[in-house]
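Asks: Give the three-dimensional model of this entry:
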Amino acid sequence: MQDYQFYWSIVFDALPELLSGAWVTLQITLFSVVIGMFLAMPMSVARQFGRGWRYYLSSCWVELSRNTPVLFQVYIMYFGLGALGINLSSYLAVLIAISFNNAGYLTEIFRGGLNAIPSQQMATSRSLGMSRRQAFQHVIFPQVFKVVFLPFVTQAIWAMLNTSMGMLVGLRELSGATQYAQSLTFRTFEFFIVTAGMYYLIAKLIQFGAEITFRLIYRR
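Replies: Prediction:
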C-alpha cells in the first residue's frame, strides 16, 4: 500500500465521460420519481380507502416492489422481457424498474400521509361541492406532501443510488461510465473514490433542490 501511486490526472481526463454518466443518472432519477409519484397517488388512496380489484392490484404492486431486490426488478425488465421477445434498451429497462420500485415505496409513504390528514377534510371538501377527485387533488394531497416531505426526499435519493444497477445491463450511467473508464486504465481506486464523491454531491443537490421547492410552495 505504501508503494501505491495515485494518478488523479487520469480521472480528470475522463471527467467528461463521468459527467455524461451523471447526467443520465439525474435523468432517470427525475423521471422515475415523477412517474412513481403519479402512480403512487391513486394506489395510496386505493390502499387506504378502496376495496375490490384496485385494492388488490395496489397491494400486489407494493408487496412485489418492496420485497424483491431492485437488481431483480432491473433484470426482469431487461433480460426477462427480452426472453419473451420484448426487447427494451438498457435506459428504458432501468427507468421502468426504478419507477416500479419508487411507486411501491411512495404508495406507502403517501398512505402514511393520508393517515395524518383528519377525515373531516374530505367531508368538508365534499360539502363545498367538490368531487372526490377534486378533494384529493386540491385539499388532501397538498397537505400530504407537506407531511411526507422528508421520506419523499429520502426515496428520491434512494432512487438515484439505485440507478447504479444500470451498470449491470450495460447502461452508461455514472457507475457504468466509471466502470468503463477504469477498465481502460485499471485505476479502480481513483475512479470510484471520485465517483463516490459525485454521488454524494448529487444526493445533496437533490436534497437542496427539494428544500427550495418546499419553501417556495409552502412558504408562509
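
Asks: The lowest-mean-pLDDT helix or strand in the chain packs against which elements?
Replies: Scoring the helices and strands of the chain by mean pLDDT, DSSP states H and E places helix 120-127 at the bottom, with a mean of 84. Here helix 120-127 touches helix 132-135, going by 3 or more Cβ pairs under 8 Å, 6 or more residues apart in numbering; DSSP states H and E. Bear in mind the C-beta positions are built from the backbone N, C-alpha and C, glycine included.

Asks: Now with 6 Å, please.
Replies: Packing partners of helix 120-127 (3 or more Cβ pairs under 6 Å, 6 or more residues apart in numbering; DSSP states H and E): none among the helices and strands.

Asks: buried ones in it?
Replies: By neighbour count on 16 or more other Cβ atoms under 10 Å, the buried set for helix 120-127 is 122, 125.

Asks: dump the residue contacts of the residue nearest the centre of the chain.
Replies: With distances taken as Cα atoms, centre = their mean, the residue of the chain nearest its centroid is residue 159 (3.1 Å). Going by Cβ atoms under 6 Å, 6 or more residues apart in numbering, residue 159 touches 29, 32, 33, 98, 102.

Asks: Off-centre distance for the top helix by length along the chain?
Replies: Counting by DSSP state H, the longest helix found in the chain is helix 15-49. Centre-to-centre, helix 15-49 and its host chain are 4 Å apart (Cα atoms, centre = their mean, to the nearest Å).

Asks: and if you look at stretch 69-89?
Replies: 18 Å.

Asks: Give me the mean pLDDT for that stretch.
Replies: The average pLDDT within stretch 69-89 is 94.

Asks: try stretch 99-106
Replies: 97.

Asks: now that stretch: how far from the chain's centre is it?
Replies: The chain centroid and the centroid of stretch 99-106 are separated by 7 Å, computed with Cα atoms, centre = their mean.

Asks: In PDB, please show the C-alpha coordinates belonging to that stretch.
Replies: Coordinates of each C-alpha in stretch 99-106 appear next as PDB, following Å, rounded to 0.1, in the frame of the first residue of the first chain:
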ATOM      1  CA  SER A  99     -40.200   3.700 -11.400                       C
ATOM      2  CA  PHE A 100     -41.900   0.400 -10.400                       C
ATOM      3  CA  ASN A 101     -39.800   0.400  -7.200                       C
ATOM      4  CA  ASN A 102     -40.500   4.000  -6.400                       C
ATOM      5  CA  ALA A 103     -44.200   3.600  -6.900                       C
ATOM      6  CA  GLY A 104     -44.300   0.800  -4.300                       C
ATOM      7  CA  TYR A 105     -42.400   2.700  -1.700                       C
ATOM      8  CA  LEU A 106     -44.100   6.100  -2.400                       C
END
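
Asks: Could you pull out the buried residues of that stretch?
Replies: Within stretch 99-106, the residues that qualify as buried are 99, 100, 101, 102, 103, 104, 105, 106, counting by 16+ other Cβ under 10 Å.

Asks: For the residue of the chain most remote from its centre, report the pLDDT, please.
Replies: Centroid-distance maximum for the chain: residue 3 at 41.3 Å, with Cα atoms, centre = their mean. Residue 3 carries a pLDDT score of 72 in this model.

Asks: where's it, which helix or strand?
Replies: Under DSSP states H and E, no helix or strand contains residue 3.

Asks: Which of the three states applies to residue 171?
Replies: coil (DSSP: H, G, I helix; E, B strand; the rest coil).

Asks: Tell me how many other residues surround the residue lying closest to it once chain neighbours are set aside.
Replies: Closest residue to residue 171 in three dimensions, ignoring its sequence neighbours and counting by Cβ to Cβ, 6 or more residues apart in numbering: residue 90, at 4.0 Å. When neighbours are defined as other Cβ atoms under 10 Å, residue 90 has 19 of them.
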